[in-house]
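>>> coordinates only, sequence not included:
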């Protein structure tokens, strides 16, 4: 029997998908003292991107309790281990070898907390394994894993992080219509007694700032501004309360109505704003704010222009992206590309290349839902696989992809990596009902790191 020192040892982590690397780390940590306690990060603080944690905190704790080297397990409801360190006051706080020399603020706070209680920080030297890698292999096809491995080997993580830093130095202007999205949640009562129709009862209601307002929050850019009108569209969606399926839409009006003074005031502000920002992101929902003169101002005076022009029930066929000439970046979905080029079934690569010739833009990102995305730069075409399936609500997903990827594209980031980040943003956005929350920068970065583990 090993004579273990009379000291208490604490290990902390997510332990999402317990593997051999974890077990060897905990076994070595247990040999440093007489008792080993493991604290598990609560679900709400597991910041590893889409679909994480894979197991709940209770499941992860149960798996750890089954190990003979572990004496006790606690769930830590905090972003880091500082509270549990202060409560348990371990003699030794033990981390894995991959944390040695890690300058992250969270670890520095933990090390400082250990010092304040007179404890010692130690590192095991067992081999590093990745839970994220194992989860990715279980979730994705062999082809997608090969794609992720290729991006990893090419230095994608470093290039993406550098692009975020470079984009944060730019001033970014979001231009477009404001929308008030109202969700009326209903439950079915059955067929009406005297009409051939479904009767429902309202069980709740939510409303969100949508349109360009919601888009401007995505990605949390440091130097961003918003230009819209005081008038806004109201869209009321009747939603199945049990499954979050939308039943039908009611528009408050067909289009925005601005009097001549309001429109002249908006044009004056638009002319000044686009000239004084490095990147102009135009989200044209086709609700009447952006007419021919506004589009001319945007196209002629923007130093770097990104465009998303959308089709919806109120403007179907009348708001093609080809109304904007010579933008620097276009991000739209596949049906909008096909509608703009009047090509419903042709090869997508040829359709986008024809759009490029017509519009004279050199960077395109085409979102394709469960089929991922396609991209084009200066005639070079590629496709990127989807990184999530299903989701809760697709509303605003394309806007979020545009809002995050346009500033990255403006830095010169390779379009394949722009598409990769865009698919991550889309996967994060469809996990939210409406615009309850925006896609946070930290979520994006952590997901990039997890997928390229």
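On my side now, so go ahead. Bear in mind the structure is a predicted one, so any value in this text is a computation, not a measurement.

>>> so residue 249 sits in a strand?
Yes. Under DSSP: H, G, I helix; E, B strand; the rest coil, residue 249 sits within a strand.

>>> switch to numbering from 28
Okay, using 28 as the starting number, the last item reads as residue 276.

>>> what's near enough to touch it?
Contacts for residue 276 (C-beta atoms under 8 Å, 6 or more residues apart in numbering) come out as 262-265, 340. Yep, even glycine has a C-beta here, placed from its N, CA and C like the rest.

>>> mind picking the two most distant members of those?
Using C-beta to C-beta, the two most remote members of those are 265 and 340, lying 14.3 Å apart.

>>> the more surrounded of the two?
Taking neighbours as other C-beta atoms under 10 Å, residue 265 and residue 340 compare with residue 265 leading, 18 against 9.

>>> what sits closest to the more buried one if chain neighbours are left out?
residue 274 (4.4 Å; C-beta to C-beta, 6 or more residues apart in numbering).

>>> my read: the one you found touches residue 263, true?
No. In terms of C-beta atoms under 8 Å, residue 274 does not count as a neighbour of residue 263; the distance is 11.0 Å.

>>> against residue 249, how distant is the residue nearest to residue 265?
Per C-beta to C-beta, to the nearest Å, residue 274 is found 40 Å from residue 249.

>>> show me where pLDDT drops low in the stretch 328-477 of the chain?
The stretch 328-477 of the chain contains residues with pLDDT under 70 at 416-417.

>>> all helices of it, in order?
Listed in chain order, the helices of the stretch 328-477 of the chain (DSSP state H, counting those that start in this stretch) span 361-368, 375-386, 424-437, 442-456, 468-478.

>>> give the other helices and strands that the second one contacts.
In terms of contacts (3 or more C-beta pairs under 8 Å, 6 or more residues apart in numbering; DSSP states H and E), helix 375-386 is packed against helix 361-368, strand 390-394, strand 400-404, strand 407-411.

>>> run a quick neighbour tally on residue 374.
For residue 374, the tally of surrounding residues (other C-beta under 10 Å) stands at 9.

>>> what of the one 3 residues further on?
Here the number of neighbours of residue 377 (other C-beta under 10 Å) works out to 12.

>>> same question for residue 347.
Counted with other C-beta under 10 Å, the burial measure for residue 347 works out to 20 neighbours.

>>> for the closest residue to residue 147 other than its chain neighbours, give its distance to residue 60.
Excluding its sequence neighbours, the residue lying closest to residue 147 (C-beta to C-beta, 6+ apart) is residue 119, at 5.3 Å. Plainly put, residue 119 is 6 Å away from residue 60 if you go by C-beta to C-beta.

>>> could you chop this structure up by domain?
Domains of the chain are assigned by automatic domain parsing as 35-157, 185-204+244-258+285-478.

>>> would you agree residue 456 is in contact with residue 429?
No. Residue 456 is beyond contact range of residue 429, at 11.0 Å (criterion: C-beta under 8 Å).

>>> one step back: from the contacts of residue 276, which is closest to residue 169?
Of all the contacts of residue 276, residue 169 sits closest to residue 264, with 39.0 Å by C-beta to C-beta.

>>> so that closest one belongs to a strand, correct?
Yes. Following the definition three-state DSSP, residue 264 is counted among the residues of a strand.

>>> bridging residues for it?
The residues paired with residue 264 through beta bridges, assigned by DSSP bridges, are residue 210, residue 276.

>>> where's it relative to residue 340, distance?
Distance from residue 264 to residue 340, counting by C-beta to C-beta: 12 Å.

>>> could I get the domains of the chain as CSV with distance to residue 167?
Compiled in CSV, the domains of the chain are given as follows (distance: least, C-beta to C-beta, whole Å):
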stretch, distance to residue 167
domain 35-157, 11
domain 185-204+244-258+285-478, 8
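
>>> most tightly surrounded among the ones you listed?
With neighbours defined as mean count of other C-beta atoms under 10 Å, the domains of the chain peak in mean count at domain 185-204+244-258+285-478, which reaches a mean of 19.

>>> tell me how far it lies from the chain's centre.
The chain centroid and the centroid of domain 185-204+244-258+285-478 are separated by 14 Å under C-alpha atoms, centre = their mean, to the nearest Å.

>>> the residue nearest to the spatial centre of the chain: what's it in contact with?
Relative to the mean C-alpha position of the chain, the nearest C-alpha, by C-alpha atoms, centre = their mean, is the one of residue 452, at 3.0 Å. The neighbours of residue 452, taking C-beta under 8 Å, 6+ apart as the test, are 245-246, 427-428, 431-432, 466, 471.

>>> that older thread, who wins for proximity to residue 255 among the helices of the stretch 328-477 of the chain?
Once these are compared by C-beta to C-beta, helix 424-437 is nearest, at 13.3 Å.

>>> what's the closest one packed up against?
The contact analysis (3+ C-beta pairs under 8 Å, 6+ apart) places helix 424-437 against helix 183-194, helix 238-244, strand 306-311, strand 332-336, strand 356-360, strand 390-394, helix 442-456.

>>> is it true that residue 321 touches residue 297?
Yes. Look at residue 321 against residue 297 with C-beta under 8 Å: they come within range, at 6.2 Å.

>>> quick one: what helix or strand has residue 59 in it?
Mapping residue 59 onto the secondary structure by DSSP states H and E places it in no helix or strand at all.

>>> so who does it touch?
Taking C-beta under 8 Å, 6+ apart as the contact definition, residue 59 lies against 31-32, 34, 36, 119, 121, 149.

>>> residue 400 and residue 394 touch, don't they?
Yes. Residue 400 sits in contact with residue 394 when judged by C-beta under 8 Å, with a separation of 5.2 Å.

>>> need the contact list for residue 449.
Under the criterion of C-beta under 8 Å, 6+ apart, the contact list for residue 449 reads 358, 392, 394, 400, 411, 428, 431-432.

>>> that one and residue 476, how far apart?
Taken as C-beta to C-beta, the spacing of residue 449 relative to residue 476 amounts to 17 Å.

>>> name the nearest residue to residue 40, sequence neighbours excluded.
With C-beta to C-beta, 6+ apart as the criterion, residue 40 has its nearest non-adjacent residue at 6.7 Å, and that residue is residue 68.

>>> the one you found and residue 468, how far apart?
For residue 68, the distance to residue 468 equals 20 Å [C-beta to C-beta].

>>> do residue 212 as well
Applying C-beta to C-beta to residue 212 and residue 468 gives a distance of 30 Å.
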